[in-house]
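Colleague: dropping the sequence and predicted coords here.
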Amino acid sequence: MPQAPEPEKLDVVALVDTAERELAAAATEQALREVHARYGGREGAIKRAVQAAINAAPKDRKREVGQVGNAALQRIEGAFEARLRSLGDEARTRDLARTVDVTLPGRSHRPGHLHPITHARRAIERIFAQLGFTLATGPQVETDFHNFEALAMPPDHPARDMQDTFYLANSDLLLRTHTSPVQIRTMLAQRPPVRVICPGTVYRRDDDPTHSPMFHQVEGLLVDEQVTFADLKGVLLHFARAFFGPATTVRLRPSFFPFTEPSAEFDLSCVFCAGAGCRTCKNTGWIEVGGAGMVDPEVFRHVDYDSERYTGFAFGFGIDRMAMLKYRISDIRLLYEGDHRLLEQFP
Ligand SMILES: [Zn+2]
């Protein structure tokens, strides 16, 4: 006589079928874990049904019912793990489809590049290096002594008014108004001969829209025996031709600076119209670019150089201005606005 099906066995089998269907249909990992928690594990419905079936089974069949129950629980665990893996694969495939088109060529990195002022500064440094000038630098926060007094500008000197100075509150310190203090530091540190250029950032309280309160200067200093004004002009002419081209000429006009005597403004033949006259040079054919002169013996006295034995010249000009002339940039503010449309033209 055939045995009737055992109801506890059917319950477990039906539960396992339902659980497997729901596990396979779970659309998200969270839904999957919820289904798993409902049916699987020590607390789930299948374990409870198996336990109930074991309890209800006759003593000699409890072991068999337990084995069937364990097999059912293992199937649920297997189905859960499989669905978890396939959900992960689906998510990765979706992410890849959304973010990467693997048929596109790779993105190349856009390298950074130098600012036009840096280009100009380096070109200036190279030209003077060829003439034997070495590079000297100094602090941007300076003492009154280095910035003014040692350059023959004592506290009440009217020339101080020429430079609107940023002073640091309650101290003897200031933001250097020119790179000349580097000349002083160099001369205090070494004996002649001296042949240096000093490029750097300088600061003045200009609120004029055509000026920037921070800008860049380079100064040159040459001290030796028998240095003359002709040497100064020769160096400036060589620089102008190397920087702007062989047709460039230099003009010196008498001027005044506290730390040089005699002093001169130096002009370049206009790089735009080659001297014919244009808007940039205000139809003069010349562009003012800097100052120069023979080092005043008073400056030598401050650094303990023998002014009977040594003479020297110094010159200075704006690097920003040179960059604007060389690269045909009409407005100084363009140099400081960081606009990529300008900067990208100077790779
Ligand atoms: Zn011109």
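Modeller: In hand now; what should we look at? Numbers count the residues shown, from 1 in each chain.

Colleague: which strands and helices sit next to the longest helix along the chain?
Modeller: When the chain is parsed with DSSP state H, its longest helix is helix 62-99. Counting contacts by 3 or more C-beta pairs under 8 Å, 6 or more residues apart in numbering; DSSP states H and E, helix 62-99 is packed against helix 7-25, helix 29-39, helix 45-56. The C-beta positions use only the backbone N, C-alpha and C, and glycine is treated the same way.

Colleague: nearest to Gln140, out of those?
Modeller: For Gln140, the closest of the helices and strands packed on helix 62-99 is helix 29-39, at 58.5 Å, according to C-beta to C-beta.

Colleague: and the closest one, C-alpha only, in CSV?
Modeller: Written as CSV, here are the backbone C-alpha positions of helix 29-39 (Å, rounded to 0.1, in the frame of the first residue of the first chain):
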residue,chain,number,x,y,z
GLU,A,29,20.4,44.0,-3.6
GLN,A,30,18.2,45.3,-0.8
ALA,A,31,15.1,43.5,-2.1
LEU,A,32,17.2,40.3,-2.4
ARG,A,33,18.5,40.6,1.2
GLU,A,34,14.9,41.0,2.4
VAL,A,35,13.7,37.9,0.6
HIS,A,36,16.7,36.0,1.9
ALA,A,37,15.9,37.2,5.5
ARG,A,38,12.3,36.1,5.1
TYR,A,39,13.0,32.5,4.0
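
Colleague: for Ala72, find the nearest of the helices and strands packed on helix 62-99.
Modeller: Among those, if distance is taken as C-beta to C-beta, the winner is helix 7-25, at 4.7 Å.

Colleague: quick revisit: dump the helices and strands packed on helix 62-99 into JSON lines; add distance to Gly338 as well.
Modeller: JSON lines is the format used below for the helices and strands packed on helix 62-99 (distance: least, C-beta to C-beta, whole Å):
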{"stretch": "helix 7-25", "distance to Gly338": "56"}
{"stretch": "helix 29-39", "distance to Gly338": "46"}
{"stretch": "helix 45-56", "distance to Gly338": "66"}
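
Colleague: the ion contacts on this protein?
Modeller: Residues of the chain found near the ion (C-beta under 5 Å from the ion) are Cys270, Phe272, Cys273, Cys278, Cys281.

Colleague: closest to Ala82 out of these?
Modeller: Looking across the residues of the chain next to the ion and measuring by C-beta to C-beta, the closest to Ala82 is Phe272, at 77.2 Å.

Colleague: so the closest one makes contact with Thr280?
Modeller: Yes. The criterion here is C-beta atoms under 8 Å, and Phe272 meets it with Thr280 at 4.9 Å.

Colleague: give me phi/psi at Val223?
Modeller: Backbone torsions of Val223, given as degrees, to the nearest 10, read phi -130, psi 130.

Colleague: likewise Phe317?
Modeller: phi -160, psi 170.

Colleague: tally of neighbours for it?
Modeller: Counted with other C-beta atoms under 10 Å, the neighbours of Phe317 add up to 22.

Colleague: pLDDT at the closest residue to Val218 other than its chain neighbours, what is it?
Modeller: In space, Val218 comes closest to Pro199 once its chain neighbours are excluded; the distance is 4.1 Å by C-beta to C-beta, 6 or more residues apart in numbering. If you check Pro199, the pLDDT there is 94.

Colleague: could you do Leu10 as well?
Modeller: 55.

Colleague: now swap in Met162 and tell me
Modeller: pLDDT, Met162: 63.

Colleague: if we can go back for a sec, can you pull the buried residues of the helix or strand following the longest helix of the chain?
Modeller: Next in sequence after helix 62-99, counting helices and strands by DSSP states H and E, comes helix 116-130. Buried residues in helix 116-130, counting neighbours by 16 or more other C-beta atoms under 10 Å, are found at Pro116, Ile117, His119, Ala120, Arg121, Ile124, Glu125, Ile127, Phe128.

Colleague: shaky segments in the stretch 151-300 of the chain?
Modeller: Residues of the stretch 151-300 of the chain meeting the criterion pLDDT under 70: 159, 161-163, 207-210.

Colleague: how about the helices in it?
Modeller: Using DSSP state H, counting those that start in this stretch, the helices of the stretch 151-300 of the chain run over residues 180-189, 229-244, 297-302.

Colleague: which one of those is the most hemmed in?
Modeller: helix 180-189 (a mean of 22; mean count of other C-beta atoms under 10 Å).

Colleague: contact partners for Glu125?
Modeller: The neighbourhood of Glu125, defined by C-beta atoms under 8 Å, 6 or more residues apart in numbering, consists of Leu135, Ile197, Pro199.
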